[in-house]
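> pasting a predicted model and its sequence here:
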Amino acid sequence: MPLRQRTRTTSRTGRPRRTMLVVASVAVPLVLVGGAGVVLAATAPPAVAPDPAAAPAAPADPNPNCSLIVPADPLSAKGLATPYQLVATDRRQGACHESNDAQAAFVEAAVLNPATGAVSVYHPLVVDRGTQPAAAPVTPALPGGAVVGVWFGYNGDTLTLRGAPAAAKCVNGMGNSTFGQYAYCNAPAFFTAANAAVTAKKLTVPAAQTAKDGLPCPTVRDFAVVDQDQSDNVVSSYLILGTGRTAQDTAANRTRFGNRATRMTNGSDNGLVDRFVDPALGCTAWTAPDLGDPGANSPALALNELQAAANAKAPIALVPTNDPMTLVNDKPSVAKTNLYRAGVDQPALAAGADTGRAYCRMMVAVQQARLRRDRALFRAAASPDAGTSLYTFLVQRLHASYDSLGCAALLGRPNPIPATAA
């Protein structure tokens, strides 16, 4: 029987239950790990005794702030095949379970062979702390001298890395301010090696394609597809069994578990472009061999950023200083923005730079024009939200992004995007 697809409850930005502008300020620091990464815990409200005469309370929302325990050597073959463990950042807020699509965390790795320039992809597994995977992860065969980068995505609010070794160079924010749903390990080193392979003509980035509408196929740095926090989250997916145990989403595991498993995906800008926007426009995402799924190829955040760097045309969208994931205490931070940019191979900003106003202006102008041009194509295409067309999804996402980025104040103009698509 076919594998069932789990439908996530998402916000209009394509991410579940996220209040983007307050992430940087609702937590207090506990311990520093992995260089700039931090472990945070939100302050729990005081307990209140229930009123016996009151109606039964509605179930509490899932804890939106979870942590991943990083394996001892996450950049090695053994470390990649060792499951990350999901645990509550603050147990007073409730437990965290990978099988809960509002709390699920995802890991994605890219591997470069510096001798040949070949790139491959691997999807490390996430399990609940103290549990075993439903199927043992495949141990990847890494080339000699492999340069490995690891990226993280999250369906909740704030994901924190815990226990990352310094050698892995893991980053999930700056000081006591996390990014939120995004983090990475050794990403700058991966991109440095990949760009060197491109320069040496060992690695060939696919050329730009032309979409059905006659325009270039959008990259993840195209203002036609970006939102309030571009270049975040990953393309990884996992299999979830009814028992809550997880397994890598591979052909072997899909055959083994059949209809007993559902596929869980990350609410990702990369997944949106690769799996929804590209097919709607007749474009094809760049993929590479999946070391955990022999014979299969997979898209990945790293591939998207390399292709965007090679093929994006002006105006090019780069992570702005008003991105909610780069704010510190709700204020722009060039230093934190540059840490974020470093993880996706984007150029650093000069001290004092403020890119918010220009980002808002270009996002609205370019995205509105392409949405109008491709309305029929997007209306006929599925979206990450079941029962909603891709056109409706993108219009609502743009509307929410305008608000989340504070564009009304920056541009002196109320939100021009309708809250619902006609």
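Noted; the coordinates are in hand. Residues are numbered from 1 along each chain as shown.
> quick one: least confident helix or strand in the protein?
strand 27-32 (a mean of 26; mean pLDDT, DSSP states H and E).
> buried residues in the longest helix belonging to the chain?
Longest among the helix segments of the chain by residue count, using DSSP state H, is helix 356-373. For helix 356-373, a neighbour-count test (16 or more other Cβ atoms under 10 Å) marks Gly356, Arg357, Tyr359, Cys360, Arg361, Met362, Met363, Val364, Val366, Gln367, Arg370, Leu371 as buried. C-betas here are computed from N, CA, C, even on glycine.
> so for that helix, mean pLDDT?
For helix 356-373, the mean pLDDT works out to 97.
> same question for stretch 414-422.
Over the span of stretch 414-422, the pLDDT mean works out to 87.
> heads up, I number from 854, so please use that
Understood, numbering begins at 854; the last thing we discussed is stretch 1267-1275.
> report the distance from that stretch to the chain centre.
25 Å (Cα atoms, centre = their mean, to the nearest Å).
> hmm, who's touching it?
Here stretch 1267-1275 makes contact (Cβ atoms under 8 Å, 6 or more residues apart in numbering) with 1217, 1221, 1242, 1244-1245, 1248-1249, 1251-1252, 1255-1256, 1260-1261.
> could you redo the last one with a cut-off of 6 Å?
With Cβ atoms under 6 Å, 6 or more residues apart in numbering as the test, stretch 1267-1275 has contacts from Tyr1244, Thr1245, Val1248, Leu1251, His1252, Tyr1255, Ala1261.
> and which of the residues you listed is nearest to Ala957?
Thr1245 (24.5 Å; Cβ to Cβ).
> quick one: which helix or strand includes that closest one?
Assigned by DSSP states H and E, Thr1245 belongs to helix 1243-1257.
> hang on, the earlier thing: can you select the buried ones among the contacts of stretch 1267-1275 for me in ChimeraX?
A single ChimeraX command selects the buried members of the contacts of stretch 1267-1275 (16+ other Cβ under 10 Å):
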select :1244,1245,1248,1251,1252,1255
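> take the contacts of stretch 1267-1275 and lay them out in JSON lines including distance to Val960.
As requested, these are exported to JSON lines (distance: Cβ to Cβ, whole Å):
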{"residue": "Tyr1244", "distance to Val960": "32"}
{"residue": "Thr1245", "distance to Val960": "31"}
{"residue": "Val1248", "distance to Val960": "31"}
{"residue": "Leu1251", "distance to Val960": "29"}
{"residue": "His1252", "distance to Val960": "31"}
{"residue": "Tyr1255", "distance to Val960": "31"}
{"residue": "Ala1261", "distance to Val960": "36"}
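> and the strands in the stretch 1104-1253 of the chain?
For the stretch 1104-1253 of the chain, the strands defined by DSSP state E, counting those that start in this stretch occupy 1114-1118, 1141-1142, 1150-1151.
> thanks a lot, see you next time.
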